[in-house]
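Okay, predicted coordinates and the sequence, questions at the end:
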Amino acid sequence: MIRAVIFDLDGVIVSTDEFHYQGWQRLADEEAVPFDRQVNERLRGVSRQQSLEILLERDSRRRSDGEKHALAERKNEYYRALIQTLVPGDLLPGVPAVIAGLKDRHIKIAIASSSKNTWTILERVGLTDTFDAVVTGNDIRETKPSPEIFLKAAHQVGLPPAECLVIEDAAVGVEGALRAGMRVLAVGSAATDPRATARADSLATFPASDILMIGEV
Ligand code: B16
Ligand code: MG
């Protein structure tokens, strides 16, 4: 039985994935590093520093650790300027209804996001007091596909992994949730991932009542 739902943030609750793309694209253009949306897909769910390493795979220059740090900081400044524009109306379709439906049924809800900007985003979209637990990129040692972030969220809501379902839009997130021993609903960019327990293009077509039936026999 599912008694907790753990949401990824970027690409599940809100479309900050587009802002990440814009921030990385601007940095890549300034540094004359080839970058496009296809490479950007590989950045989904992974940490800022790892994202930079992927972007720099096509770089012809050798960068010191100090330079890399400064590049990641610069991208984060661009990104942070973009997320300041977020408003509650930017929640992805279906998200408010799913959250309300789960709360009505007394299901615990949590956030498990690799982003160190999680709290700023939750504040912008009016969700700071909504979740029973929030685990961010600041609270973990290993990023997805490590199961660490999901296990930490389950621990904080006081439920075993078998009673948790994760909603993810990234391949690394789907893998991490499965490694944590949880069911996973893959949405958006991950909606064709065959490893997921269930798939949906968007939460707009997947009400809370259906979510709670995933993996039940
Ligand atoms: P930040 P999620 C992830 O969020 C993003 O998908 C990923 O693209 C980003 O690099 C990562 O957060 C770190 O974000 O630079 O804000 O710390 O999908 O795990 O909610
Ligand atoms: Mg995501």
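Looks like it arrived, so ask away. Ligands and ions are numbered 1, 2, ... in the order given.

how about the helices in this protein?
16-31, 37-41, 48-55, 65-83, 95-104, 118-124, 148-157, 171-179, 208-211 (DSSP state H).

which stretch among those comes nearest ligand 1?
Among the helices of the chain, the nearest to ligand 1 by C-beta to the nearest ligand atom is helix 48-55 (3.5 Å). The way it works is simple: take the backbone N, C-alpha and C, and place the C-beta from them, glycine included.

Return the residues of this structure in contact with ligand 1.
8-11, 20, 43-48, 51, 76, 113-117, 137, 170 (C-beta under 6 Å from any ligand atom).

So which of the helices of the chain is the most surrounded?
Highest mean neighbour count among the helices of the chain (mean count of other C-beta atoms under 10 Å): helix 171-179, with a mean of 24.

Just the angle for that one relative to helix 148-157, thanks.
50 degrees (axes from the mean of the first three to the mean of the last three C-alpha atoms, to 10 degrees).

C-alpha coordinates for helix 171-179, PDB please?
The C-alpha coordinates for helix 171-179 follow below in PDB (Å, rounded to 0.1, in the frame of the first residue of the first chain):
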ATOM      1  CA  ALA A 171      16.300   8.600 -16.000                       C
ATOM      2  CA  VAL A 172      18.800   8.900 -13.100                       C
ATOM      3  CA  GLY A 173      15.800   9.600 -10.700                       C
ATOM      4  CA  VAL A 174      13.900   6.600 -11.900                       C
ATOM      5  CA  GLU A 175      17.000   4.400 -11.300                       C
ATOM      6  CA  GLY A 176      17.600   5.900  -7.900                       C
ATOM      7  CA  ALA A 177      14.000   5.300  -6.800                       C
ATOM      8  CA  LEU A 178      14.100   1.700  -7.900                       C
ATOM      9  CA  ARG A 179      17.400   1.200  -6.200                       C
END
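
quick one: contacts for residue 119?
Contacts for residue 119 (C-beta atoms under 8 Å, 6 or more residues apart in numbering) come out as 128, 134, 136.

Share the number of residues neighbouring the closest residue to residue 90 other than its chain neighbours, please.
Distances taken as C-beta to C-beta, 6 or more residues apart in numbering put residue 14 closest to residue 90, at 5.6 Å, once the chain neighbours are dropped. As a burial measure, residue 14 scores 22 neighbours (other C-beta atoms under 10 Å).

I figured residue 14 hits residue 122, correct?
No - the pair residue 14 and residue 122 fails to qualify as a contact (C-beta atoms under 8 Å) at a distance of 9.1 Å.

re earlier: among the helices of the chain, which is nearest residue 1?
Residue 1 lies closest to helix 208-211 among the helices of the chain, at 12.5 Å (C-beta to C-beta).

packing partners for that closest one?
Here helix 208-211 touches helix 95-104, going by 3 or more C-beta pairs under 8 Å, 6 or more residues apart in numbering; DSSP states H and E.

Since that was my last question, I'll sign off now.
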